[in-house]
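> A structural model of the following input is requested.
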Amino acid sequence: MSTLDLQEQEQVDAIKSWWKDNNKWLIAVATVALLAYSGSQFWKSYQRSQSVEAGKLFGEVEKQLSSGDPKRVNDAAAALVEKFSGSAYAPRAQLLAVQVNLQSKDVARAKTQLKWIIEHASEAGLQDTARLKLASILLDEKTYDEALKTLDATHPEAFVGLFADLKGDVLLAQGKISEARTAYQLAFDKLDEKSTYRNLVQLKLDGLGDAK
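Below you'll find the predicted structure:
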């Protein structure tokens with residue numbers, strides 16, 4: 001871990017505080033973006049071939065979301081996974097359940113569901129969405145090495161910016177300022193120039209100041 005002077009430490013603390021206040025919102029935004037990324041391909045590839053029953057069960061998961069009852073959502077998702085674990089609906093149901101479980105502070109269940117998605121989803125976009133969410137949880141738990149291992153998984157070019165940004169957060173939490181700056185710079189370079197998310201990465205870079 002690098003030694004920080006007072007000014008650098010204040011900058012790092014400020015970024016950590018900002019992340020603590022905003023990370024859940026950012027992960028939610030990233031999830032929407034990532035689901036959109038895979039959404040069009042999903043409907044083209046699976047709409048005609050998926051079981052009608054699996055689709056009905058997924059509809060039930062969506063219906064239970066409005067109840068605000070984690071048990072109902074988890075039960076509906078589990079029923080879908082049990083009967084149609086190989087369908088494209090199963091990992092999506094698990095992702096919806098993850099959001100509910102994180103909101104209700106059932107982190108252990110959410111982690112188990114995310115690991116299931118990583119192991120069983122047939123679409124890289126869903127697997128990488130799960131990796132990002134899992135790594136963000138591990139960051140919150142200060143399980144930094146495991147978070148970095150999760151983020152080191154191979155991922156498509158479209159995900160490089162998001163993975164690099166979260167990797168920067170983990171490295172920053174470890175006090176590895178130079179490495180965090182490099183990760184943030186990669187994220188900034190890879191994210192779309194018109195993306196609001198890119199502007200947030202720029203704020204992190206500005207907070208760290210110039211490399212010495």
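> check contacts around the residue lying closest to residue 197 once chain neighbours are set aside.
Once flanking residues are discounted, residue 197 sits nearest to residue 191: 5.9 Å by CB to CB, 6 or more residues apart in numbering. (Glycine included, C-beta is placed from N, CA and C.) The contact partners of residue 191, taken as CB atoms under 8 Å, 6 or more residues apart in numbering, are 161, 162, 165, 197, 198, 201.
> one more time with 10 Å
Neighbouring residues of residue 191 by CB atoms under 10 Å, 6 or more residues apart in numbering: 160, 161, 162, 164, 165, 197, 198, 199, 200, 201, 202.
> try residue 121
38, 88, 90, 91, 92, 94, 95, 127, 128, 129, 130.
> State the pLDDT value of the fourth one.
For residue 91, the model assigns a pLDDT of 93.
> List the residues that contact it.
By CB under 10 Å, 6+ apart, the contact set of residue 91 is 77, 80-81, 85, 113-114, 116-123, 125-127, 129-130.
> show me where pLDDT drops low in this protein?
The chain contains residues with pLDDT under 70 at 1-50, 211-212.
> mind listing the helices for it?
6-46, 52-65, 70-84, 89-103, 107-120, 124-140, 144-151, 160-173, 177-190, 196-208 (DSSP state H).
> picking up where we left off before, ramachandran angles for the residue nearest to residue 197?
Dihedral angles of residue 191 (phi, psi; degrees, to the nearest 10) stand at phi -80, psi 150.
> One more: residue 193?
Phi and psi for residue 193, reported as degrees, to the nearest 10, are phi -60, psi -30.
> Could you check how far it is from residue 202?
As for residue 193, its distance to residue 202 is 11 Å (criterion: CB to CB, to the nearest Å).
> And for residue 89?
Between residue 89 and residue 202 the computed distance is 38 Å (CB to CB).
> Pick out whichever of these two has more residues nearby.
Taking other CB atoms under 10 Å, residue 89 and residue 202 do not tie; residue 89 has more neighbours (24 against 14).
> State whether that one and residue 58 are indeed in contact, as I suppose.
Yes. With contacts counted by CB atoms under 10 Å, residue 89 reaches residue 58, the gap being 4.1 Å.
> Can you tell me how far residue 142 is from residue 174?
Distance from residue 142 to residue 174, by CB to CB: 9 Å.
> Which one of the two is surrounded by more residues?
It is residue 174, of residue 142 and residue 174, that has more neighbours when counted by other CB under 10 Å, with 17 against 10.
> could you measure the closest residue to residue 80 other than its chain neighbours against residue 79, distance?
Of all residues not flanking residue 80 in the chain, residue 57 sits nearest, at 4.1 Å (CB to CB, 6+ apart). As for residue 57, its distance to residue 79 is 6 Å (criterion: CB to CB).
> Equivalent analysis for residue 163, please.
32 Å.
> Looking only at neighbour counts, state which of the two leads.
Taking neighbours as other CB under 10 Å, residue 163 and residue 79 compare with residue 163 leading, 23 against 14.
> Pull up the gap between residue 181 and residue 167, please.
Taken as CB to CB, the span from residue 181 to residue 167 is 12 Å.
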